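*Asks:* Curious how this folds, go ahead:
(chains A and B)
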Amino acid sequence: MCGALRASDAGKKAVLMGWVNRRRDHGNLLFVDLRDRSGVTQVVFNAERDRTIHEKSAALRNEYVIAVTGTVKLRDANTVNPNMPTGEVELVAEELRILNESKLPPFLPSDTALTNEETRLKYRYIDLRRDVMQFNIELRHKVAKAIRDNLSGQGFFEIETPFMTRSTPEGARDYLVPSRVQPGTFYALPQSPQLFKQILMISGFDKYFQIVRCFRDEDLRADRQPEFTQIDLEMSYPQAERVWEVVEGFLTAAFAAAGSAIKTPFPRMDYDEAIRLYGIDKPDLRLPAFTDVRDCFSAENLQELAINSNLPVVAVRTPRVGELSRKERDDIKPMFHAKGGARVYEDFKRIANKFPDAAAAIAKKTGMEDGDLIVLVAGGAQSGPLAALPEHRKVTPQELAIYSSAGLLRLALAQKYAERHGIFKKSGDAAKDFRFLWVTNFPMFEWDEGEKRWNAAHHPFTSPHEEDMAKLETGVEALNDPLSPLSAVRALAYDVVLNGTELGSGSIRIHRQDVQSKIFRALGMTEEEARARFGFFLEALEYGTPPHGGIALGLDRIVMILAGAESLREVIPFPKTARAVDLMVDAPTPVGEAQLRELGIAVKKSNAP
RNA sequence: GGGGACGUAGUUCAGUUGGUUAGAACGCUGCCCUGUCACGGCAGAGGCCGCGGGUUCGAGUCCCGUCGUCCCCGCCA
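*Replies:* Next up is the predicted model:
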């Protein structure tokens, strides 16, 4: 292999095959860097030593595929290249075969400047030759293998589930596959193997896992692709803590495979606490949490600032941004997307001028240091008096509006000034670079303001807390009430979060048919609707279902973070663009009339006025 | 569905207030070069300024539309 030769190989005969990475022509002396996935070795064609082969080498161009036979030679001390692993040796060419020529590529794998992504994706086969991509794909392989080995070692069976399955609308949109044998009917590609893995528990395979492709027809993001890979697992009889142990086990193995020693167990945090401290259910622990500074102001202060004194006043601290220019301060306001009645007070200096006592108290309470930026988010006075809220509701909708708009601003500011505070830079210390967290006790239901009903926050097979069953009973009687006791039902659901990215989501499932029915009812589904959608599953539940639970983690996201990449596309060999297009194969495409006819499908012309 | 950024040579980019023949670097082609490793030197080729329309004596530059890529919000049970 091109990356394998070392000083100890000197004098040996060797055959190297690979691509011409670079060519340096010195007249009668020609150097070629020969590349394969293992690395690069310098090959020397010397006219003095062998005129014929030197003449032949003149035809070599970038990305030609060649085979070179020669002798491994120790380089002279002054020609050693300490920057490459094979830099102590070179291959003196004795025989050259050009295995294939290459057209002039649109960009070279050896280019230092990165080509625009559109071109990279169109010529993905060339892009993948770049050493970074080779590294990422190899990393992906190692991580997946470590996880497989670890879960097998923990007694899990890898079991496949169907890709062509049943559409169960609700949640993400399905990708549909038309049936030719039964025209007018469709399979759906799985959004996750959720029901199949639960049925595997009912079937007695008490520890299941699968590294499996999932499909969701939703809009894309840097960390969301329409097809993505999950590490899906399920086990019988576990407490949530047991599932977390399993996950911490395989993540430790995966990160070890990537050269990082992470510490377990991961810290845990209630959903409500996450919202209060970070304004988001997937906090990035590398950045400082919020501080509630309402009590730093006097009642008169708050009135003067037109701040609602019943709601929290959140201080967002961004460390070490230094002195901000006037323009930079002005730029903060547009970064703030107010939810509800939330307002931003971005000019801390002005507050300090007007209310020196309050500012001093805030600086002290937030631990503000020189160069730190403090921005306040609070409820406007006009956001009105507090509605009479049921006391079981821990974070009220008005509070949530403040917390979550502050949470978004906190991340946007951290992103914008990443260069200055340097918190996102890898330090090499795994404990600092990888901040894992379990977020637990999610609410079971979320109020859908548009539809005026309750949705499952996780999925409808998630078990509620045993203690909250009573609230479920009474809540079912108040289905269309946003203040229904349903709001206080906690789910036995948990997310694993890394550096502000949701890696995975899981829960203890419902194993009793009567509880499952109640949940469907709470979601506004009639018995008939539930039967029509999930009948097969409800029936299966009635045949001796063991308690069970599990989780699914995004493999792509794990590898992305390990690779230090900004986008999933950097760790997926053949990804899609933001409009879900594969630029290399040019998919999706229209299909022929004949093919459609056979499927009993007619395409409606959509460019009607 | 909404907001924002971008689109100039094969590639990465520059292009001033709207003004002569649209530039640079890398890559490419040819010639020279025996110790380079992001080799060097000389010469050369290479442009539908994304596409369509408009304003103007004159548009890469201003306006409108459109297509494409990226980022964010909504969405992602």
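*Asks:* residue ranges with poor pLDDT in chain A?
*Replies:* Segments of chain A classed as low confidence (criterion: pLDDT under 70) are A:169-170, A:382-393, A:605-609.
*Asks:* Which helix in it has the most residues?
*Replies:* If you go by DSSP state H, chain A has its longest helix at helix A:131-153.
*Asks:* do that one and RNA strand B meet?
*Replies:* No: Helix A:131-153 lies apart from RNA strand B when judged by Cβ under 7 Å from any atom of the strand; the minimum separation is 12.2 Å. (Glycine included, C-beta is placed from N, CA and C.)
*Asks:* what's the very next helix or strand once past that helix packed up against?
*Replies:* Once helix A:131-153 ends, the next helix or strand along the chain (criterion: DSSP states H and E) is strand A:157-158. Under the contact criterion of 3 or more Cβ pairs under 8 Å, 6 or more residues apart in numbering; DSSP states H and E, strand A:157-158 touches helix A:131-153, strand A:207-215.
*Asks:* for the last one, the distance to its chain's centre please.
*Replies:* This means strand A:207-215. Computed by Cα atoms, centre = their mean, to the nearest Å, the chain-centroid distance of strand A:207-215 equals 16 Å.
*Asks:* Tell me the strands beside it, with direction?
*Replies:* Neighbouring strands of strand A:207-215 in its sheet, by DSSP bridges, are strand A:157-158 (parallel), strand A:227-236 (antiparallel).
*Asks:* measure stretch A:280-299 end to end?
*Replies:* 28 Å (Cα to Cα, to the nearest Å).
*Asks:* I misspoke; the intended subject was stretch A:413-433.
*Replies:* 19 Å.
*Asks:* Would you mark the buried spots in it?
*Replies:* Buried residues in stretch A:413-433, counted by 16 or more other Cβ atoms under 10 Å: A:413, A:414, A:417, A:421, A:423, A:424, A:430, A:433.
*Asks:* quick one: which of those is nearest to residue A:13?
*Replies:* Checking these against residue A:13 with Cβ to Cβ, the nearest one is residue A:430 at 43.1 Å.
*Asks:* now that closest one, nearest residue through space, not along the chain?
*Replies:* Excluding the flanking residues, the one nearest residue A:430 by Cβ to Cβ, 6 or more residues apart in numbering is residue A:260, at 4.2 Å.
*Asks:* Residue A:46: which of the strands paired with strand A:207-215 is closest?
*Replies:* The nearest among the strands paired with strand A:207-215, by Cβ to Cβ, is strand A:227-236 at 48.7 Å.
*Asks:* Assign a three-state SS to residue A:34, would you?
*Replies:* Here residue A:34 is recorded as strand under DSSP: H, G, I helix; E, B strand; the rest coil.
*Asks:* Any idea what it is bridged to?
*Replies:* Judged by DSSP bridges, the bridge partners of residue A:34 are residue A:20, residue A:41.
*Asks:* among the helices and strands packed on strand A:157-158, which is the most enclosed?
*Replies:* Most buried of these, by mean neighbour count (mean count of other Cβ atoms under 10 Å): strand A:207-215, with a mean of 21.
*Asks:* what's the neighbour count on the residue in the stretch 101-250 of chain A positioned nearest to RNA strand B?
*Replies:* Residue nearest to RNA strand B within the stretch 101-250 of chain A: residue A:171 (2.3 Å; Cβ to the nearest atom of the strand). Counted with other Cβ atoms under 10 Å, the neighbours of residue A:171 add up to 15.
*Asks:* Excluding sequence neighbours, find me the nearest residue to residue A:420.
*Replies:* residue A:321 (5.1 Å).
*Asks:* what about the helix or strand containing residue A:536, near RNA strand B?
*Replies:* In this structure, residue A:536 sits in helix A:527-541 according to DSSP H and E. No: residues of helix A:527-541 are not located near RNA strand B by Cβ under 7 Å from any atom of the strand, the shortest gap being 9.8 Å.
*Asks:* buried residues in that helix?
*Replies:* Under the neighbour-count criterion of 16+ other Cβ under 10 Å, helix A:527-541 has A:530, A:533, A:534, A:537, A:538, A:540, A:541 buried.
*Asks:* Return the distance of the closest residue to residue A:190 other than its chain neighbours relative to residue A:195.
*Replies:* Distances taken as Cβ to Cβ, 6+ apart place residue A:165 nearest to residue A:190, at 5.5 Å, with adjacent residues excluded. Distance of residue A:165 to residue A:195, given as Cβ to Cβ, to the nearest Å: 9 Å.
*Asks:* now do residue A:270
*Replies:* Using Cβ to Cβ, residue A:270 is found at 29 Å from residue A:195.
*Asks:* So between the two, which is more surrounded?
*Replies:* Between residue A:270 and residue A:195, counted using other Cβ under 10 Å, the more crowded position is residue A:195 (19 against 14).
*Asks:* Output the contacting helices and strands for the stretch of helix or strand that one belongs to.
*Replies:* When elements are assigned from DSSP H and E, residue A:195 belongs to helix A:194-202. Helix A:194-202 is packed against strand A:207-215, strand A:227-236, helix A:527-541, strand A:548-554, with contacts defined by 3+ Cβ pairs under 8 Å, 6+ apart.
*Asks:* If we ignore the residues flanking it in sequence, what's nearest residue A:442?
*Replies:* Closest to residue A:442 by Cβ to Cβ, 6+ apart is residue A:493, at 4.4 Å.
*Asks:* and the one you found, what are its bridge partners?
*Replies:* Residues in a beta bridge with residue A:493, per DSSP bridges, are residue A:507.
*Asks:* mind listing what it touches?
*Replies:* Residue A:493 makes contact with A:440, A:441, A:442, A:444, A:457, A:458, A:462, A:505, A:506, A:507, A:508, according to Cβ atoms under 8 Å, 6 or more residues apart in numbering.
*Asks:* if we go to 7 Å?
*Replies:* Taking Cβ atoms under 7 Å, 6 or more residues apart in numbering, we find residue A:493 in contact with A:442, A:458, A:462, A:507.
*Asks:* quick one, phi psi at the third one?
*Replies:* Pointing back at residue A:462 there. Note on residue A:462: its backbone torsions stand at phi -80, psi 140 [degrees, to the nearest 10].
*Asks:* what's the neighbour count on the closest residue to it other than its chain neighbours?
*Replies:* Counting by Cβ to Cβ, 6+ apart, residue A:462 lies nearest to residue A:507, which is 4.1 Å off, once chain neighbours are set aside. Neighbours of residue A:507 under the rule other Cβ under 10 Å: 22.
*Asks:* My guess is residue A:507 contacts residue A:492. True?
*Replies:* Yes: in this structure, residue A:507 is within contact of residue A:492 by Cβ atoms under 7 Å, at 5.6 Å.
*Asks:* what sits in contact with each of those two?
*Replies:* By Cβ under 7 Å, 6+ apart, residue A:507 and residue A:492 have these common neighbours: A:462, A:463.
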